[in-house]
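Engineer: next comes the sequence, and after it the predicted model I'd like to discuss.
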Amino acid sequence: MPELPEVEITRRGIEPFVLRKTITGVAVRNPNLRQRVPRGLARILVGQGVRRLARRGKYLLFVCDAGSLIVHLGMSGSLRVIDPRTLPREHDHVDLVFGDVALRLRDPRRFGLVLWNAGDASRHPLLAKLGVEPLDEKFSAEFLYRATRGRDVGIKQLLMNAQVVVGIGNIYANESLFRAGIHPRARSGRLSFARCERLVAGVRDVLLAAIAAGGSSLRDFVHSDGSSGYFQQHYYVYDRAALPCRVCGAAIRVARLGQRASFYCVTCQKK
Ligand SMILES: [Zn+2]
């Protein structure tokens, strides 16, 4: 599933092809994504310039002259830069054409979104209640300390709550808790300020490392014809059940926490 780093890599990869360019064509082959692609999208978009390509959580925002195109990659979506004459394959549901270049959305599971919002996209119901950006300076130790007071939930669950902080999926929640030495079940409300500091740093470090790793494969990511294009990474705990901890050698444990698999080292991570 594309997580925040993949979405940010996508944003950086396609930005040069769309920024200050004019949309000259739109093709919708299958409008049945998580929500229906708006009818008449071509009529709305053709002729508009893209002023900015922003990201909010895992949403890409093509900020145009008259509003914003909101794109979400869902569970299996990817955007590629192609020659518009390239024949579409199965699951290539939407194209945005910019003259001699096109962006093609491929989404086999169709949990993605392509929506139009006239006016300010930050007020859109999907975006209005989102928490802070984890790479923004607003996501600070002070913020996390305040946000956790009086909360009895495990810290991993709170970290994955998009109304608190956006875009920290299961992989990065596991990895950042390991880096901070915090057990995923540690009670949020009892986290010390020092541990909040370590966790904020851990979140930033794992996300930036993932973006850096993806940056090196940016060319492939954007241009490849491959089915996923997501980059492989080196994890400390995620998906490493029973394997030795890379720091202390103890076996990595796995537990179900709120439907999601939590991977942790009992030696390195404390409640
Ligand atoms: Zn360990």
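Structural biologist: Great, that's in hand.
Engineer: so where do the helices sit in the stretch 1-150 of the chain?
Structural biologist: Using DSSP state H, counting those that start in this stretch, the helices of the stretch 1-150 of the chain run over 4-18, 41-45, 125-128, 141-148.
Engineer: next SSE after the last one?
Structural biologist: Note on helix 141-148: by DSSP states H and E, the next helix or strand toward the C-terminus is helix 155-159.
Engineer: just the residues contacting that following helix, thanks.
Structural biologist: Contacts to helix 155-159, defined as C-beta atoms under 8 Å, 6 or more residues apart in numbering, come from residues 147-148, 151, 164-165, 168, 173-174, 176-177, 182, 184-188, 191, 199, 203, 257-258, 260, 262. The way it works is simple: take the backbone N, C-alpha and C, and place the C-beta from them, glycine included.
Engineer: and what of stretch 58-72?
Structural biologist: For stretch 58-72, using C-beta under 8 Å, 6+ apart, the contacting residues are 2-4, 7, 10-11, 18, 23, 34, 44-45, 48-55, 73, 79, 96, 105, 112-119, 121, 124, 126-127, 166-167.
Engineer: and with 7 Å instead?
Structural biologist: 2, 4, 7, 10-11, 18, 45, 48-54, 112-119, 121, 124, 126-127, 167 (C-beta atoms under 7 Å, 6 or more residues apart in numbering).
Engineer: same check on stretch 29-48?
Structural biologist: For stretch 29-48, contacts defined as C-beta under 7 Å, 6+ apart pick out 22-26, 28, 64-66, 69, 74, 88, 92-94, 107, 110-116.
Engineer: now which of those residues would you call buried?
Structural biologist: Buried subset of the contacts of stretch 29-48 (neighbour count, 16 or more other C-beta atoms under 10 Å): 22-24, 26, 28, 64, 69, 74, 92-94, 107, 110, 112-116.
Engineer: who does Phe263 form a beta bridge with?
Structural biologist: Val254 (DSSP bridges).
Engineer: in the stretch 101-250 of the chain, where is pLDDT below threshold?
Structural biologist: Filtered on pLDDT under 70, the stretch 101-250 of the chain yields the residue ranges 215-233.
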